[in-house]
Structure formats: structure tokens, C-alpha cells
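Trainee: From the sequence below, what's the structure:
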Amino acid sequence: MFSPKRGRKNNTSEIACIFVHAGAGFHSIQNEHVHLTACNDAARTAMRCLQNGGSAVDAVELAVRILEDREITNAGYGSNLAVDGVVECDAVVVDHNGRSGGAGAVAQIKNPISLARLLLDHSGQPLSLRRVPPNFLAGQGATDFAFEHGMSVLPLDCLVSPSARDRWRQWRDDLERAEHNRRREDAARYGMSPPPSQSDLVQYYAQQPEQEQARRSHTNAMRSALSNEAQPVSPPPSDLRDPPDDSSTTPHSNTSAMPGRSSNSTTPDHHQEAMDPFGPPAFYINPSANPFSNSAQKMPNASTNMLASNRNSDGGFLDDEWYGPELDFSDLGDPEPHHMEYAGLQLHSQRWHDGSSGSDSNSTTINMTDSGHPHRPTNNDRGGLHNAHRFPFPAPSSDTDMEPSTPKAQTPTNREDTPPTAQKRRLTDNGWVDGEDHVTDTVGAIAIDLYGNIACGASSGGIGMKHRGRIGPAALVGVGAAVKPADPEDAERTSVATVTSGTGEHMSTTTAASVCSERIYHNFRKLAGGRYNDCIEEEAIKGFIDKDFMGHPSVQASHSTGAIGVLSVKKTKDGAYLYYGHNTDSFAVASMHSNEAQPVCTMSRNKGNGQVAQGGRSIRNTKRKA
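Mentor: All right, here's what the predicted structure looks like:
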């Protein structure tokens with residue numbers, strides 16, 4: 001891992017430095033100490049590497065790896081998920097000569113910064129037939145390269161943290177809701193109607209109850225073999241058929257032969273009664289709102305659609321037939337005995353087993369052992385059907401009526417059920433913390449070793465709900481990280497390294513890291529009319545954010561917000577100078593040099609209104625005594 005210079009005696013006057021940041025965005029007050037602790041740990045670990053002779057590239061890789069392993073950051077483990085729920089990360093490493101190694105949209109790699117370092121090391125090794133070695137790989141090719149060179153390739157779900165999965169589910173619901181609203185607005189604006197397959201059946205029945213009543217009347221008429229809407233029954237009934245009485249409409253008469261009926265009657269048997277094939281199906285819960293939407297629930301089929309139509313004359317269900325929906329309760333774990341409400345049907349005191357002897361199990365195959373048929377209750381479990389007989393299906397008025405219920409009190413009767421509340425806490429390496437962060441981009445580090453070499457690196461999980469294969473700025477040299485090497489004939493030995501964080505597409509358009517390094521290296525800023533003038537470093541970084549980034553035509557013409565955080569280090573023969581600026585709400589920064597016992601960290605916060613918050617630090621070289 002460390003360079004061959006490790007362990008050599010240092011006879012120079014250089015001082016080792018490490019600078020890290022945890023991304024630009026919004027860091028909640030409750031989680032501020034967690035972000036700063038991650039930055040401090042990264043700086044402290046990297047400094048140990050530098051003090052023991054490690055190179056600047058070694059320190060950058062080590063610092064970024066510490067940040068990637070923390071769930072609180074958007075890099076490595078715990079990163080934002082793509083639209084299909086997969087973690088794809090970007091990373092780049094740049095050494096003091098400006099050589100780089102980068103990996104983009106790479107999945108199944110725990111530490112993408114290590115893959116970027118691997119590409120950097122192999123980019124200097126010649127290949128056969130004068131082939132040029134790659135310094136940037138993306139997608140499956142990057143994963144294959146890592147596997148071929150001994151890096152571990154993990155399953156996809158190993159990089160998904162619980163909090164990232166919760167965020168993805170929330171964003172997925174928000175995305176579906178936004179798409180639904182957009183289609184509704186387009187339909188109202190242009191007079192278009194959504195496809196029938198996308199209609200919400202729950203709202204359909206709630207808004208048109210008269211059609212449901214007409215369907216029920218039609219079904220009852222078909223049972224009694226009477227004509228409905230002046231349409232004859234096909235085939236026509238026999239002349240010998242007795243006139244129907246009231247008992248013919250009862251459910252119990254449907255299950256037995258009709259007395260007094262001729263043996264050659266052509267009226268179809270009630271076990272094979274005709275259903276309206278074009279009528280709306282029966283009630284069932286909206287899959288997006290029921291408690292088993294994330295399980296292997298089966299959608300209603302033909303037998304399920306008869307659930308609302310098979311009723312007694314007073315609105316109840318048939319006691320001798322059961323057309324309940326086929327559900328897979330594989331994700332319920334080990335539920336306690338209780339009754340559940342399912343679209344108005346109450347099942348009391350049923351315990352679920354895995355079919356084996358002994359206690360309950362959370363096996364993925366769960367059967368109801370107290371019933372002879374998985375969808376037909378026994379005589380001992382008629383309570384649920386009797387309750388359904390007394391409380392028929394209500395017509396749901398909105399999606400909120402279909403929300404899953406969670407028991408509030410385990411009481412035998414009159415139990416009150418309330419919907420579950422949203423989780424407001426998240427688990428980190430330092431325990432549970434409150435609040436919610438909005439840090440959606442890169443973490444980065446800049447290091448200066450004892451030999452005066454500077455290096456930088458960045459890593460990111462990208463924006464949430466991104467397209468698969470999207471390559472962010474953290475993978476691109478000159479965008480997420482850049483080094484302006486020192487000129488060999490420069491007496492000041494000036495070099496600049498910059499890492500950025502923010503809106504990746506805008507930073508790619510403006511080549512943010514490269515342009516910012518140029519501005520600080522030459523000490524000038526851009527003015528109106530395309531003119532430039534000399535300035536100090538603080539003015540150069542502020543002018544870059546205001547003019548070169550926010551004032552860029554592509555950023556101004558975009559519908560996306562231009563957000564950026566910049567961390568730059570200018571190194572000369574006299575020492576190192578840290579400059580940072582951001583127009584986001586907050587920016588977590590930590591720094592440390594070899595003569596310090598503890599890192600110096602801060603959470604820089606912006607006053608808002610598009611202002612640029614700035615800060616910096618000066619670290620001077622000290623002469624060492626022989």
C-alpha cells in the first residue's frame with residue numbers, strides 16, 4: 001500500500017498535511033458531530049500514514065476509505081441508490097504530476113477509491129504491442145478489472161445500508177406520486193385520459209358507487225335466472241321450470257339442487273353461474289398502500305374478483321366458500337397472535353407457523369396450520385367470517401383508508417389501530433441520531449507528504465434515483481479533482497490541488513476543479529465582459545464560484561440548481577495554504593499537519609440567499625534541527 005519511500009529518514013524542511021471534506025449540502029445540527037467525527041478520524045488516520053513515510057497518494061486513499069466506510073457519507077457503503085436500487089460509485093485519484101486514475105459507475109466494490117488507485121498505479125506500466133494502459137474505466141469493465149487484480153467483488157446488497165434503502169423507498173414513492181400528478185395535469189390540460197391499466201380502481205369505485213350497485217343487481221339477477229335490462233338468459237329457460245321464489249336468491253340455495261326443478265332443465269347450475277366478464281372486478285387493496293406491498297403478494301385473480309360478489313342476502317360473505325386473496329406473509333417475521341383487518345375482513349386470533357413442529361418461524365414459506373385449507377377456514381375459525389357478515393365491505397373514499405394498521409394496544413376487544421409513523425432516526429456508527437441530512441455528493445481529500453508532493457482524491461455515490469451508468473464528477477479528473485503541478489523551474493515550487501462537491505452536471509460543464517486550480521495558481525479572477533484582473537486567493541475562489549460557475553451560460557440556462565463546494569490547497573516552498581468556499585447550506589472540513597496532535601475541524605454554514613461562505617488556514621514550514 002505504501003510507497004518505497006516509507007521508512008526513509010526525512011532531511012527536508014517540508015511539513016506533512018492532510019485536508020478532508022465530507023461533502024457539500026445540508027448537514028443537520030443533530031448529525032453535525034457525526035460528520036465532523038468522520039472527518040477527524042480520516043485526517044488522523046491519514047496523518048499516521050504520512051508521519052511513517054507514506055506518500056501523498058497513500059494518505060489520500062486512506063482518508064477517503066475512512067469516509068467511504070462511514071454510512072453517514074454519500075460514498076462507498078451507504079451511498080445513494082440508483083433508480084433500480086443499486087449502488088454505483090465514482091472515484092478519482094490524482095498525484096503530484098497530474099496523473100490520474102478513475103472509476104465511474106462501478107458497482108459491487110466496497111472502496112471505489114482503491115480501484116481508482118489501482119488504475120493510477122497500472123497506468124504507468126506499459127502493455128504489450130504498445131497498447132496504452134487505461135486510467136479510467138466505467139461500469140462492468142471497471143468491476144471486471146478490479147476482480148482480475150485481486151479486489152473483492154461483493155453482492156449488490158452488501159453496499160446498501162438500511163437508511164439508504166429507506167431513502168430510496170421514500171424517493172420512489174415521491175417519484176411515482178410526481179409522475180401520477182404530471183399525467184393528471186397533462187390529461188386536464190390536453191384532454192387526454194390515462195390508459196385503463198393505470199386507473200386507480202379504489203378511486204374508481206369511490207367516485208362511481210352507482211355502477212357498483214348496478215353490477216351487484218346484475219349479478220343477483222343472473223343468479224336468480226331472471227332477465228336483466230330486457231336481455232334474455234342464454235340459453236333460454238325451460239317451460240317446465242317453476243317460478244323462482246325468494247329462497248332461490250339465498251346463498252344456501254345456491255349450493256344445493258333446486259327442488260321441483262326438471263332434470264332436463266337447461267338453466268345453468270349455480271356452481272357454474274355466469275359472471276359479467278366486462279364488469280368491474282371486486283374490491284381489493286391498492287398494492288401501493290397495503291402492508292404487504294414489498295412482499296411476494298399475488299395480485300387478485302379471477303377467484304379473487306368474486307370476493308365482493310359472493311355475499312349473503314344481507315351483505316355478508318358466504319359461509320361455505322372462501323375466496324380470500326392469496327397472500328405471501330414471508331416478510332412479516334414472527335408476528336404475535338392478533339387479528340388483522342384486511343379491506344374490512346377481520347381475522348381473529350390466528351397464529352402463523354411454518355408447518356413444522358415447535359414454535360413459530362419466520363420461514364419464507366408460511367402456512368396456516370389451524371385450517372384444513374389455506375383459503376378456507378375451519379368451523380373453529382368462523383369468527384372472522386361472522387364479523388365480515390356483520391360488517392360488509394365499505395366503499396373506500398381515499399387511499400388513506402387503505403393504509404396498513406399497526407396495533408396500538410394488545411387488548412382482547414375494542415383494540416385501537418393506528419398507522420405506523422415515519423422513522424425520524426437513523427443508525428450510524430456512533431449510534432442513533434435524529435434529523436435528516438441532504439448531502440448528495442462527493443467526499444474528498446488533499447495530502448502533502450514529507451517530500452513536498454501533493455495529491456488529491458474524491459469519491460461519491462452520486463445523486464439519488466440516478467440513471468444506471470451515470471458518471472458523476474467524482475470520477476472525472478479536472479472536474480471532481482485536479483492538480484496543477486509545480487513547474488521544475490519555478491523557484492517558489494508552487495502547486496495547487498482542488499477537490500469539488502456539488503451539482504455534478506454543472507461541474508462537468510464548467511470543469512470546476514481544473515478552472516479553480518488555475519485561478520488560485522495564477523491569482524486572478526474573471527470580470528464582466530470577459531476581462532481578468534489580479535487578486536488574492538480568497539477573491540479568486542469567490543470569483544470562480546460567482547462568475548466561472550454560477551455565471552456560466554449553461555448553469556444559468558439550466559433548470560437544476562447550481563450548488564458547489566470547493567476545497568483548494570496552494571503549496572509553496574514556505575508552506576501550505578487552505579482555501580475553501582461554498583454556496584450550499586453547509587460544508588464539513590477538517591485539516592491536520594504533522595506537528596499537531598489533533599485535527600482542526602469546522603462545519604462551515606452559509607447565511608443563505610446564494611451567498612458564498614469562505615474560510616481558510618495557513619500552515620508554515622518549520623526548520624528542523626539536525
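Trainee: what helix or strand is the closest residue in space to Gly464 that isn't next to it in sequence on?
Mentor: Take Gly464 and drop its neighbours on the chain: the residue closest to it by Cβ to Cβ, 6 or more residues apart in numbering is Asn80, 3.9 Å away. In this view, the C-beta of every residue, glycine as well, is placed from N, C-alpha and C. Under DSSP states H and E, no helix or strand contains Asn80.
Trainee: Am I right that Asn80 is in contact with Arg167?
Mentor: Yes. Judged on Cβ atoms under 8 Å, Asn80 makes contact with Arg167 at a distance of 7.1 Å.
Trainee: who's more crowded, those two?
Mentor: Neighbours per residue (other Cβ atoms under 10 Å) separate Asn80 from Arg167, with Asn80 holding more: 23 against 19.
Trainee: low-confidence ranges in the stretch 1-150 of the chain?
Mentor: Applying pLDDT under 70 to the stretch 1-150 of the chain picks out residues 1-13.
Trainee: In stretch 124-134, which residues are buried?
Mentor: For stretch 124-134, burial by neighbour count (16 or more other Cβ atoms under 10 Å) applies to no residue.
Trainee: First-to-last residue distance for that stretch?
Mentor: Terminal residues of stretch 124-134 are spaced 9 Å apart (Cα to Cα, to the nearest Å).
Trainee: Can you tell me what sits against that stretch?
Mentor: By Cβ atoms under 8 Å, 6 or more residues apart in numbering, the list of residues contacting stretch 124-134 from outside reads Arg99, Leu119, His122, Ser123, Phe145.
Trainee: Let me see the domain layout of the chain.
Mentor: Following automatic domain parsing, one finds the domains of the chain at 17-167+438-620, 290-403.
Trainee: tell me the average confidence for the shortest one?
Mentor: This predicted structure assigns domain 290-403 an average pLDDT of 40.
Trainee: Out of the contacts of stretch 124-134, which end up buried?
Mentor: For these, a neighbour count by 16+ other Cβ under 10 Å gives the buried set as Arg99, Leu119, Phe145.
Trainee: which among the residues you listed gets closest to Ala512?
Mentor: Of all the buried ones among the contacts of stretch 124-134, Ala512 sits closest to Arg99, with 19.7 Å by Cβ to Cβ.
Trainee: how near is the closest one to Cys456?
Mentor: Using Cβ to Cβ, to the nearest Å, one obtains 12 Å as the distance from Arg99 to Cys456.
Trainee: would Gln125 count as being in a helix?
Mentor: No. Secondary structure of Gln125 (DSSP: H, G, I helix; E, B strand; the rest coil): coil, not part of a helix.
Trainee: And it, how far from Arg617?
Mentor: Using Cβ to Cβ, Gln125 is found at 37 Å from Arg617.
Trainee: And for Tyr579?
Mentor: Applying Cβ to Cβ, the value for Tyr579 to Arg617 is 9 Å.
Trainee: Give me the helices and strands touching the helix or strand where Ala46 lies, please.
Mentor: Counting by DSSP H and E, the element that carries Ala46 is helix 32-51. Applying 3 or more Cβ pairs under 8 Å, 6 or more residues apart in numbering; DSSP states H and E, one finds that helix 32-51 contacts strand 17-26, helix 56-68, strand 443-448, strand 586-593, strand 600-605.
Trainee: Tell me what angle the fourth one forms with strand 17-26.
Mentor: For strand 586-593 and strand 17-26, the angle between their directions (axes from the mean of the first three to the mean of the last three Cα atoms, to 10 degrees) works out to 170 degrees.
Trainee: Output strand 586-593 as CSV - backbone C-alpha positions only.
Mentor: C-alpha atoms of strand 586-593 as CSV (Å, rounded to 0.1, in the frame of the first residue of the first chain):
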residue,chain,number,x,y,z
SER,A,586,-23.0,23.7,4.9
PHE,A,587,-19.6,22.2,4.2
ALA,A,588,-17.7,19.9,6.6
VAL,A,589,-13.9,20.4,6.6
ALA,A,590,-11.0,19.1,8.7
SER,A,591,-7.3,19.6,8.5
MET,A,592,-4.2,18.5,10.3
HIS,A,593,-0.4,18.8,9.9
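Trainee: That one pairs with which strands, parallel or anti?
Mentor: strand 17-26 (antiparallel), strand 600-605 (antiparallel) (DSSP bridges).
Trainee: Can you list the neighbours in contact with the last one?
Mentor: Contacts of strand 600-605 with the rest of the structure, by Cβ under 8 Å, 6+ apart, involve 27, 32, 35-36, 39-40, 43, 580, 582, 585-592, 613, 615, 617.
Trainee: Of these, grab the buried ones for PyMOL.
Mentor: Remark: buried members of those, expressed as a PyMOL selection using 16+ other Cβ under 10 Å:
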select buried, resi 27+32+35+36+39+40+43+580+582+585+586+587+588+589+590+591+592+613+617
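Trainee: So which of the strands paired with strand 586-593 is nearest Thr503?
Mentor: Between Thr503 and the strands paired with strand 586-593, the tightest spacing by Cβ to Cβ is seen for strand 17-26, at 9.4 Å.
Trainee: Can you show me the strands along the stretch 451-600 of the chain?
Mentor: 454-460, 481-484, 495-502, 524-526, 532-534, 564-572, 575-582, 586-593, 600-605 (DSSP state E, counting those that start in this stretch).
Trainee: Columns distance to Glu179 and secondary structure on top of the buried ones among the contacts of stretch 124-134, output as TSV?
Mentor: Shown next, in TSV, are the buried ones among the contacts of stretch 124-134 (distance: Cβ to Cβ, whole Å; DSSP: H, G, I helix; E, B strand; the rest coil):
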residue	distance to Glu179	secondary structure
Arg99	44	coil
Leu119	38	helix
Phe145	37	helix
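Trainee: Quick check: the gap between Phe544 and Tyr521.
Mentor: Here the criterion is Cβ to Cβ. By it, Phe544 lies 12 Å from Tyr521.
Trainee: more neighbours, those two?
Mentor: A direct count of neighbours by other Cβ under 10 Å for Phe544 and Tyr521 places Phe544 higher, at 28 against 19.
Trainee: The more buried one contacts Arg519, doesn't it?
Mentor: Yes. If you go by Cβ under 8 Å, Phe544 and Arg519 touch, sitting 5.0 Å apart.
Trainee: Find residues that contact each of these two.
Mentor: By Cβ under 8 Å, 6+ apart, the residues touching both Phe544 and Arg519 are Arg525, Lys526.
Trainee: Now do the buried residues in the strand or helix carrying Asn181.
Mentor: For Asn181, the host element (DSSP H and E) is helix 162-190. Across helix 162-190, burial judged by 16+ other Cβ under 10 Å covers Ser163, Ala164, Arg167, Trp168, Arg172.
Trainee: now stretch 533-547
Mentor: Those would be Cys535, Glu537, Glu539, Ala540, Ile541, Lys542, Gly543, Phe544, Ile545, Asp546, Lys547, for stretch 533-547 by 16+ other Cβ under 10 Å.
Trainee: Output those as CSV; include the columns pLDDT and distance to Ala491.
Mentor: Output for the buried residues of stretch 533-547, formatted as CSV (pLDDT from 0 to 100; distance: Cβ to Cβ, whole Å):
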residue, pLDDT, distance to Ala491
Cys535, 98, 22
Glu537, 97, 19
Glu539, 97, 24
Ala540, 98, 21
Ile541, 98, 24
Lys542, 97, 28
Gly543, 97, 27
Phe544, 98, 26
Ile545, 97, 31
Asp546, 96, 32
Lys547, 96, 31
